[in-house]
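Engineer: I need the structure of the sequence given here:
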Amino acid sequence: MSDNSSRTLVELFARRLAESADRVALHSLANGRFVTRTWREIAVDVARWTSALASMGVKPGDRVIQIAENRYEWIVAELAIHLAGGVHVAVHATLSGPQMAFQILDTNARVVLLSGSAAAEALSQAQADWPGDVQFFSYEPVQTAIGGRRVDWWNDVVRGAGQVAPVTVGRTVGTAHPTLAAAVKRTKPDDLATILYSSGTTGEPKGVVLSHGNLASNAIATDLLFLPGESDIKLCWLPLSHIFARTCDLYCWIVRGSELALAESRDTILANCQQFRPTLINGVPYFFDKVHRHIASQGGSDDEQRERLHAAFGRQLQIACSGGAPLADATAEFYQRHGIPLVQGYGLTESSPVISVSTPRAYKTGSVGRPLEGVEVKIAPDGEILTRGPHVMLGYWKQPQATADTIDAEGWLCTGDMGHVDEDGFLWITGRKKELIVTAGGKNIAPAYLERLLAEDPLILQALIVGDRRNYLAALLVPNLDTLQSEITAQGTTVASREELLVHPDVLRLIRARIEARLSVVAHCEQIGRFTLLGRGFTVEHDELTPTLKLRRSVIQQHFAREIEAMYADEGAPIL
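Structural biologist: Now for the predicted structure:
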């Protein structure tokens, strides 16, 4: 596949079916047990679902929302949406109801596919003015209504759409099935494939619009870096609603024709490794570091640690890939030393996402590797990393100015990250130009938005949120001492001094309740794990505020480094 930019996701699926119809493709959970399916069996379900979408009135260009955790239906739905010519909008299942509703309304979605009761319940609590033509369906029967509208069972729709023609396999791409053949002919590389919402530094979500050519070219170029046999069985546990898993697990699986196993949950990753013995696994730094720390804590010789590490992953792991956040050198070196190459890649949603990645044959500890084939990278005069190529998004959904601010007239995408390229062509990330926090789990968090929500509370004057490369967010809060004193006194608590007010258990419980109330509209990963009440505010005199009263984050974090480190002194909370 030499001309990557001319490919589409539909063509990649048709090619895979033509070449591998009766090979094992997927292992996924159904009714409490794992079910194995071939490419042909998946294609049968995709064809049925495509007919069902058409029966619901989905036409080329229509947006179809999917709110679900990783499951078999997730994969079938995406492929069916592409075959129907629709635009797949993947909404994170962990978002709050209002956040989900915003994306449904912003994309003017025609059909909303829900995983089950949890998503339906979240949406039922959103105060949204739903348009008349939006239809809600669930993969599982639910009783919850959304805005007074019934949520229908998707299985009924699929059955009602009737039978589809048998999936026969021809020697030529596009002859496998009439529905697939028509989709291959109709779908063009520049057609919209998906919209993924990513928080900007202000917290206002922006829909990243990616084309078939964006995603297909990125998957092909990423897969080309790894030798045949290095990913015969891949375990997927990262959310498919994120672009990392979508491209590097799902689309690369289609390109290569390997087996894919969907982990039951993040709590069962290593247990599923024992079951499926993967040869490749993608993950975020937190996961690899957690395994590293656990094995190292057991002590023993290098040989004993090596044995435990290989056993943990099922003894067949040939390579592990880390992305989404910076990987600690010590973690990378631990895996390398014990015989499992742990390589690091770099990218962002706007770049489909992979810009560069290391491989076992082209590797430097701390580097994010060399750019993919067809991907250009250059460093701007101020040190910002810029990239250009078939992987760069079409733009932000309905935000032409934001698009123009991010992609210049020559097609260079401004990443917001700082770095340099060494003499061997390896890219190194040195910092972040944007304010976005990236947690150890790879979650992108817009702190300004959360800080604004917190400061709306009468008891909180100022807030600064930290958590870059950490397991959870923490907050430095400047309380309104007079209001806080009055509130706690009214509740019957006597506090001897203002110093005691900052640490009194009743005060801390009150502030915790206020934080939870203010952040009830945001996702789980955006919640505050710990907080500290400060005895003074951030000021211009201390150089902590600009003349226009914007936070100088780096200065504040330097001034309150001790307080911040205290909030992470025993950092063992579950990842958010």
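
Engineer: all helices for the stretch 201-350 of the chain, in order.
Structural biologist: Under the criterion DSSP state H, counting those that start in this stretch, helices of the stretch 201-350 of the chain are mapped to 212-224, 243-245, 252-256, 269-276, 285-297, 302-312, 329-337.

Engineer: So for residue 481, which of those helices sits nearest?
Structural biologist: Minimum separation from residue 481 across the helices of the stretch 201-350 of the chain (Cβ to Cβ) falls at helix 285-297, 36.5 Å. All C-beta spots, glycine's among them, are computed from the backbone N, C-alpha and C.

Engineer: Where do the helices of the stretch 351-500 of the chain begin and end?
Structural biologist: Using DSSP H, counting those that start in this stretch, helices in the stretch 351-500 of the chain cover 400-406, 447-455, 481-490, 498-501.

Engineer: Can you name the element that comes right after the shortest one?
Structural biologist: Counting by DSSP states H and E, the element after helix 498-501 in chain order, helix or strand, is helix 505-518.

Engineer: if we can go back for a sec, quickly compare the helices of the stretch 351-500 of the chain and say which is most buried.
Structural biologist: Most buried of these by mean neighbour count (mean count of other Cβ atoms under 10 Å) is helix 447-455; its value is a mean of 20.

Engineer: of the helices of the stretch 351-500 of the chain, which approaches residue 471 most closely?
Structural biologist: Comparing the helices of the stretch 351-500 of the chain by Cβ to Cβ, helix 447-455 comes nearest, at 16.1 Å.

Engineer: Tell me where the stretch 351-500 of the chain has strands.
Structural biologist: Applying DSSP state E, counting those that start in this stretch to the stretch 351-500 of the chain gives strands spanning 354-357, 370-371, 376-379, 384-388, 395-396, 413-421, 427-432, 437-438, 444-445, 460-466, 473-479.

Engineer: Any idea which of these gets closest to residue 534?
Structural biologist: Across the strands of the stretch 351-500 of the chain, closest to residue 534 is strand 473-479 (Cβ to Cβ), at 5.1 Å.

Engineer: So which bits of that closest one are buried?
Structural biologist: 473-479 (16 or more other Cβ atoms under 10 Å).

Engineer: closest to residue 251 among those?
Structural biologist: Distances from residue 251 to the buried residues of strand 473-479, taken by Cβ to Cβ, are shortest for residue 473, at 30.8 Å.

Engineer: List phi and psi for the residue nearest to the closest one when sequence neighbours are not counted.
Structural biologist: Nearest non-adjacent residue to residue 473, counting by Cβ to Cβ, 6 or more residues apart in numbering: residue 467, 3.9 Å away. Per-residue torsions, residue 467: phi 150, psi 10 (degrees, to the nearest 10).

Engineer: Can you tell me the number of residues neighbouring residue 467?
Structural biologist: 26 (other Cβ atoms under 10 Å).

Engineer: my read: it touches residue 474, true?
Structural biologist: Yes: counting by Cβ atoms under 8 Å, residue 467 touches residue 474, with 6.0 Å between them.

Engineer: re earlier: for the helices of the stretch 201-350 of the chain, which one sits closest to residue 535?
Structural biologist: That would be helix 285-297 among the helices of the stretch 201-350 of the chain, by Cβ to Cβ, at 32.7 Å.

Engineer: between that closest one and helix 269-276, how many degrees?
Structural biologist: With axes from the mean of the first three to the mean of the last three Cα atoms, to 10 degrees defining the directions, helix 285-297 sits at 80 degrees from helix 269-276.

Engineer: what helices or strands is helix 285-297 leaning on?
Structural biologist: helix 302-312, strand 319-322, helix 329-337 (3 or more Cβ pairs under 8 Å, 6 or more residues apart in numbering; DSSP states H and E).

Engineer: cutoff 10 Å now
Structural biologist: Helix 285-297 is packed against helix 269-276, strand 280-283, helix 302-312, strand 319-322, helix 329-337, strand 342-347, with contacts defined by 3 or more Cβ pairs under 10 Å, 6 or more residues apart in numbering; DSSP states H and E.

Engineer: any chance of the ones you listed in JSON lines, plus mean pLDDT, distance to residue 501 and mean neighbour count?
Structural biologist: Converted to JSON lines, the helices and strands packed on helix 285-297 look like this (pLDDT from 0 to 100; distance: least, Cβ to Cβ, whole Å; neighbours: other Cβ atoms under 10 Å):
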{"stretch": "helix 269-276", "mean pLDDT": "97", "distance to residue 501": "44", "mean neighbour count": "18"}
{"stretch": "strand 280-283", "mean pLDDT": "96", "distance to residue 501": "43", "mean neighbour count": "26"}
{"stretch": "helix 302-312", "mean pLDDT": "97", "distance to residue 501": "48", "mean neighbour count": "15"}
{"stretch": "strand 319-322", "mean pLDDT": "95", "distance to residue 501": "44", "mean neighbour count": "24"}
{"stretch": "helix 329-337", "mean pLDDT": "93", "distance to residue 501": "41", "mean neighbour count": "17"}
{"stretch": "strand 342-347", "mean pLDDT": "96", "distance to residue 501": "45", "mean neighbour count": "26"}
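
Engineer: show me what contacts the residue nearest to residue 518 when sequence neighbours are not counted?
Structural biologist: In space, and not counting its chain neighbours, residue 518 is closest to residue 453: 4.8 Å by Cβ to Cβ, 6+ apart. Contacts of residue 453 were listed using Cβ atoms under 10 Å, 6 or more residues apart in numbering, and they are 203, 460, 463, 515, 517-522, 526.

Engineer: try residue 260
Structural biologist: Residue 260 neighbours (Cβ under 10 Å, 6+ apart): 24-28, 75, 231, 233-236, 249-250, 252-254, 276, 278.

Engineer: For it, which non-adjacent residue is spatially closest?
Structural biologist: residue 253 (4.5 Å).

Engineer: and that neighbour, how far is that from residue 470?
Structural biologist: 31 Å (Cβ to Cβ, to the nearest Å).

Engineer: Residue 463 now?
Structural biologist: 17 Å.

Engineer: The closest residue in space to residue 143 that isn't next to it in sequence and residue 151, how far apart?
Structural biologist: In space, residue 143 comes closest to residue 117 once its chain neighbours are excluded; the distance is 7.8 Å by Cβ to Cβ, 6+ apart. As judged by Cβ to Cβ, residue 117 and residue 151 stand 9 Å apart.

Engineer: Which neighbours do the two have in common?
Structural biologist: Joint contacts of residue 117 and residue 151 (Cβ under 10 Å, 6+ apart) are 124, 138, 140-144.

Engineer: Please name the residues that touch the residue nearest to the spatial centre of the chain.
Structural biologist: The residue lying closest to the centre of the chain (Cα atoms, centre = their mean) is residue 242, at 2.9 Å. For residue 242, the contacting residues are 90, 92, 196, 198, 248-249, 284, 324, 349, 353, 442-444, by Cβ under 10 Å, 6+ apart.

Engineer: Out of the contacts of residue 453, which end up buried?
Structural biologist: Of these, these count as buried by 16+ other Cβ under 10 Å: 203, 460, 463, 515, 518-519, 522, 526.

Engineer: Turn these into CSV, including pLDDT and distance to residue 301.
Structural biologist: Listed next are the buried ones among the contacts of residue 453 as CSV, based on pLDDT from 0 to 100; distance: Cβ to Cβ, whole Å:
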residue, pLDDT, distance to residue 301
203, 53, 49
460, 95, 52
463, 96, 48
515, 97, 46
518, 94, 51
519, 95, 47
522, 91, 46
526, 93, 43
